[in-house]
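Novice: here is my input; please provide its structure:
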Amino acid sequence: LRVADVEAQPGGAALGLRMAFDLAVDKQGLASTVCHNVLCSAATGGLITKGLIGYLGDNADPLAQFDPTKAKQLLQQYDPNGTLTANLKYSYNSGGINDPVAAYLQNEWQQNLGVHVTLDPDSNASDFISNRLSGKYVMARDGWQFDYNHPQDWFDNLWGAKATAAGANTSGFDDPTYDSLLTQADAEPLDQALPLYKQMQQLLQQDVVYIPLYYSVGNFVIGSYVKGAGSNTAFDYYWNGISILSH
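Specialist: Below is the predicted model of the structure:
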């Protein structure tokens, strides 16, 4: 979930309100209620899913926490009269799991913050993506399907000056420290680059650039007589390695 500044206010109000909306969402509850722990799992290990290079570890992302009490306190601290969080919309491309996820988020924010967020679905995914890239939305669904198994595929393409130059920085997040770390990490061998990518992810977490929701999960039903079928985190096994045994 991409979250831009709810309102660019001095004194950390925007950061505090982003954190309030993050902590008000039960991510484990989303996975069980919406996905029935089949279609998705809670995103607790950072931006990169488990099984891929750069995964931080189970429950390592502080933004994956659920703390409605603290969320309410932050809301009361930074928006005591509700003016900054009035008339908020959550925008998303409709269809599939996106609709029940949106309804779940709306309910969580209403129940745990007392803030009504209007749902803003778009049946045209291309229009939605175009509007998101142009910075039209304050709160919007976001996601990423990797191209290759390396953290560079995330951090080059989604945040910072490089992503901005490519027109792909949907959050608008840019920071000189992030850009410097990225330049260094991209030039290093993977084992030396991983701690730098971790630092970049921590910068995103400190600024509450995103609210982690879920990792998509694929499920297969494979007969006992099918040999060589399956998948890993990255890809399905090659079909030319699958055979049907006598049965």
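Novice: the strand or helix carrying residue 104 - contacts with which helices or strands?
Specialist: Mapping residue 104 onto the secondary structure by DSSP states H and E places it in helix 98-113. Packed against helix 98-113, as judged by 3 or more Cβ pairs under 8 Å, 6 or more residues apart in numbering; DSSP states H and E, are the following elements: helix 13-23, helix 27-33, helix 68-78, strand 89-93, strand 118-122. (Glycine included, C-beta is placed from N, CA and C.)
Novice: angle of the third one against helix 13-23?
Specialist: In this case it means helix 68-78. Here helix 68-78 points in a direction 160 degrees away from that of helix 13-23 (axes from the mean of the first three to the mean of the last three Cα atoms, to 10 degrees).
Novice: tell me the mean pLDDT for helix 68-78?
Specialist: Taken as a whole, helix 68-78 has an average pLDDT of 97.
Novice: then that helix to CSV, C-alphas only?
Specialist: Below are the C-alpha coordinates for helix 68-78, written out as CSV (Å, rounded to 0.1, in the frame of the first residue of the first chain):
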residue,chain,number,x,y,z
PRO,A,68,-4.4,0.0,17.4
THR,A,69,-3.9,1.7,20.7
LYS,A,70,-0.7,3.4,19.5
ALA,A,71,-2.4,4.2,16.2
LYS,A,72,-5.3,6.0,18.0
GLN,A,73,-2.8,7.9,20.1
LEU,A,74,-0.9,9.1,17.1
LEU,A,75,-4.2,10.1,15.4
GLN,A,76,-5.2,12.1,18.4
GLN,A,77,-1.8,13.7,18.7
TYR,A,78,-1.5,14.8,15.1
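Novice: contacts for that helix next, please.
Specialist: 9, 12-13, 16-17, 19-24, 84-85, 112-115 (Cβ atoms under 8 Å, 6 or more residues apart in numbering).
Novice: repeat that for the last one.
Specialist: Strand 118-122 is touched from outside by 87-94, 98-99, 102-103, 106, 128, 131, 137, with contacts defined as Cβ under 8 Å, 6+ apart.
Novice: what's the next secondary structure element after that strand?
Specialist: With DSSP H and E, the next secondary element past strand 118-122 is helix 125-133.
Novice: which secondary structure elements does that following helix contact?
Specialist: Judged by 3+ Cβ pairs under 8 Å, 6+ apart, the packing partners of helix 125-133 are strand 89-93.
Novice: residue closest to the middle of the chain?
Specialist: The geometric centre of the chain, computed from its C-alpha atoms, lies nearest to residue 212 (Cα atoms, centre = their mean), at 4.2 Å.
Novice: identify the residues contacting it.
Specialist: Residue 212 makes contact with 1, 27, 42, 43, 44, 46, 47, 61, 63, 64 under the criterion Cβ under 8 Å, 6+ apart.
Novice: nearest residue to it in space, please, no chain neighbours.
Specialist: The shortest distance from residue 212 to any residue that is not its chain neighbour, by Cβ to Cβ, 6 or more residues apart in numbering, is 3.8 Å, and that residue is residue 43.
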